[in-house]
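Student: Need coordinates for the below:
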Amino acid sequence: MSNQICEKKIEALTVQLDSLVSLMSVISVKESIPNRYIFMTGGFFDTSSEKKEIQKRNLMFLSTARNLLNEYGIRESNKGYVYIIDAVRVILQLGTLDIRLNTDIYPIVACDFGISRGSVIEHAIRNAIAAAYRDYERKKDSNLMKHFHKRPSNKVFLFHIADMICQKMNLIS
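Tutor: Numbers count the residues shown, from 1 in each chain. Now for the predicted structure:
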């Protein structure tokens with residue numbers, strides 16, 4: 001039964017993932033994103049058939065997510081960086097607070113990246129958050145990690161980023 005639910009979720013997200021992949025390919029050309037983005041997207045795709053509104057929304061999401069992660073001290077060179085962006089995308093698409101990372105989010109993100117276990121995704125995200133928080137504690141700089149009194153859990157951080165993206169994109173009032 002859970003296999004059918006997972007397959008339906010994956011099918012529902014595939015269309016939006018294709019849009020995001022195409023968008024990331026366009027951004028790779030325009031902004032010279034590191035090679036792993038090009039590898040992740042599988043190269044460059046023709047986006048002429050997509051609606052401009054969807055492209056604009058995907059670009060806005062990706063740009064907002066990248067800016068936020070940079071403000072929180074998450075580096076692009078960290079493997080968890082792209083997993084965080086994809087996990088937040090899935091959270092926003094599911095649009096509910098009743099989400100379990102281990103059963104709902106990590107398997108979808110793992111499938112998106114061709115990884116067999118969700119624990120790899122969980123570990124990479126946890127390490128990215130921990131590294132950013134360690135840098136903040138060491139330097140006491142003005143990145144946005146100061147909003148947390150201790151290192152946030154994966155769930156707290158991902159939902160916080162999703163909420164910040166919603167606010168910045170005016171998805172909620």
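Student: Show me which residues of stretch 126-135 are buried.
Tutor: Neighbour counts over stretch 126-135 (16 or more other CB atoms under 10 Å) mark 128-129, 132-133, 135 as buried. Every residue, glycine included, has its C-beta placed from N, CA and C.
Student: Now intersect those with the helices, please.
Tutor: The helices, defined by DSSP state H, take in 128-129, 132-133, 135 from these.
Student: now, among those residues, which is nearest to Lys146?
Tutor: Ranked by distance to Lys146 (CB to CB), those are led by Tyr133 at 10.2 Å.
Student: Not counting sequence-adjacent ones, nearest residue to Lys79?
Tutor: Closest residue in space to Lys79, ignoring its immediate chain neighbours: Ala124 at 4.6 Å, by CB to CB, 6 or more residues apart in numbering.
Student: Name the SS class of the one you found, please.
Tutor: helix (DSSP: H, G, I helix; E, B strand; the rest coil).
Student: What about it, how many residues nearby?
Tutor: For Ala124, the neighbour count with other CB atoms under 10 Å is 20.
Student: My guess is it contacts Asp86. True?
Tutor: No. Using CB atoms under 8 Å, Ala124 makes no contact with Asp86, being 11.0 Å away.
Student: Now do the shared contacts for those two.
Tutor: Common contact partners of Ala124 and Asp86 (CB atoms under 8 Å, 6 or more residues apart in numbering): none.
Student: so who does Pro152 touch?
Tutor: Counted by CB under 8 Å, 6+ apart, Pro152 has contacts 129, 133, 160.
Student: same thing but at 10 Å, please
Tutor: 72, 129-130, 132-133, 145, 158-161 (CB atoms under 10 Å, 6 or more residues apart in numbering).
Student: For it, report the pLDDT, please.
Tutor: Looking at Pro152, its pLDDT stands at 88.
Student: Could you look up the SS state of it?
Tutor: Under three-state DSSP, Pro152 comes out as coil.
Student: these two touch, right, Arg100 and Asn154?
Tutor: No. Using CB atoms under 10 Å, Arg100 is not in contact with Asn154; the gap is 11.5 Å.
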